[in-house]
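Visitor: I would like the atomic coordinates for the input below:
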Amino acid sequence: MTRIKLFATFTLLLAFATIGYALPTDSQQPINVQADSADLDNNKGILVYRGNVIITQGSMKVLGHTVTITRNKDGEIEMMTSQGNPAYYEQKPSADDPVVKSYAKTIQYQVTKKLVILIDNAKVVQNNNVFTGDKIVYDTSRKLISAGNKRSGSVGTKPGRINVVLEPEKKKGTK
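Guide: Sure, this is the predicted structure:
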């Protein structure tokens, strides 16, 4: 069991140290994992946490019924997938920005592409701005959000209904 815990900690450290839009100090913070169980398949490079999973590191928090981390042949993290009803992901992009909160049945972070993909009942909230849809893709390196129909080949190519609420900017000196 100790080997699994060490591997899990190392794996998560690699996964979250690569997130490009997080507070710079997040990757230097300890990773805390709580779950009912953990399974490791070294041959396939897969680590699975099950049962009320809570993962935190600095400003980052991931919640789900199941969180799966997949590594490539070189041992680098390829993907982290959180599933729940809903799964939840939050992180503070920078010291001056409010926390970005994400909800969906499935939240997938593709590390090399720096994409967070929210599937089924997807919702992203930041500073009272709300994006909802079947599927939301957040490009963390370019800070772009696309929302659309999860059945389309690419987000926004088919007429899917999304909802966006943008709060007006408050001018200096107004409350």
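Visitor: what helix or strand is residue 67 on?
Guide: strand 60-71 (DSSP states H and E).
Visitor: could you export that strand as PDB, CA atoms only?
Guide: Extracted in PDB, the C-alpha atoms of strand 60-71 (Å, rounded to 0.1, in the frame of the first residue of the first chain):
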ATOM      1  CA  MET A  60      -6.500  23.700  -7.100                       C
ATOM      2  CA  LYS A  61      -9.300  21.400  -6.000                       C
ATOM      3  CA  VAL A  62     -10.700  18.300  -7.800                       C
ATOM      4  CA  LEU A  63     -13.800  16.400  -6.600                       C
ATOM      5  CA  GLY A  64     -15.400  13.300  -8.100                       C
ATOM      6  CA  HIS A  65     -16.700   9.800  -7.500                       C
ATOM      7  CA  THR A  66     -13.800   8.500  -9.600                       C
ATOM      8  CA  VAL A  67     -10.500  10.200 -10.700                       C
ATOM      9  CA  THR A  68      -8.300   8.400 -13.200                       C
ATOM     10  CA  ILE A  69      -4.800   9.500 -14.100                       C
ATOM     11  CA  THR A  70      -3.200   8.100 -17.300                       C
ATOM     12  CA  ARG A  71       0.500   8.100 -18.100                       C
END
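Visitor: partner strands of that strand and their direction?
Guide: Sheet pairing here is set by DSSP bridges, and for strand 60-71 it gives strand 46-57 (antiparallel), strand 77-91 (antiparallel).
Visitor: out of those strands, deepest packed?
Guide: strand 77-91 (a mean of 20; mean count of other Cβ atoms under 10 Å). Placement of C-beta: from N, CA and C, glycine included.
Visitor: after that strand, next one along is what?
Guide: strand 100-110.
Visitor: now that next one, how far from the chain's geometric center?
Guide: Computed by Cα atoms, centre = their mean, to the nearest Å, the chain-centroid distance of strand 100-110 equals 5 Å.
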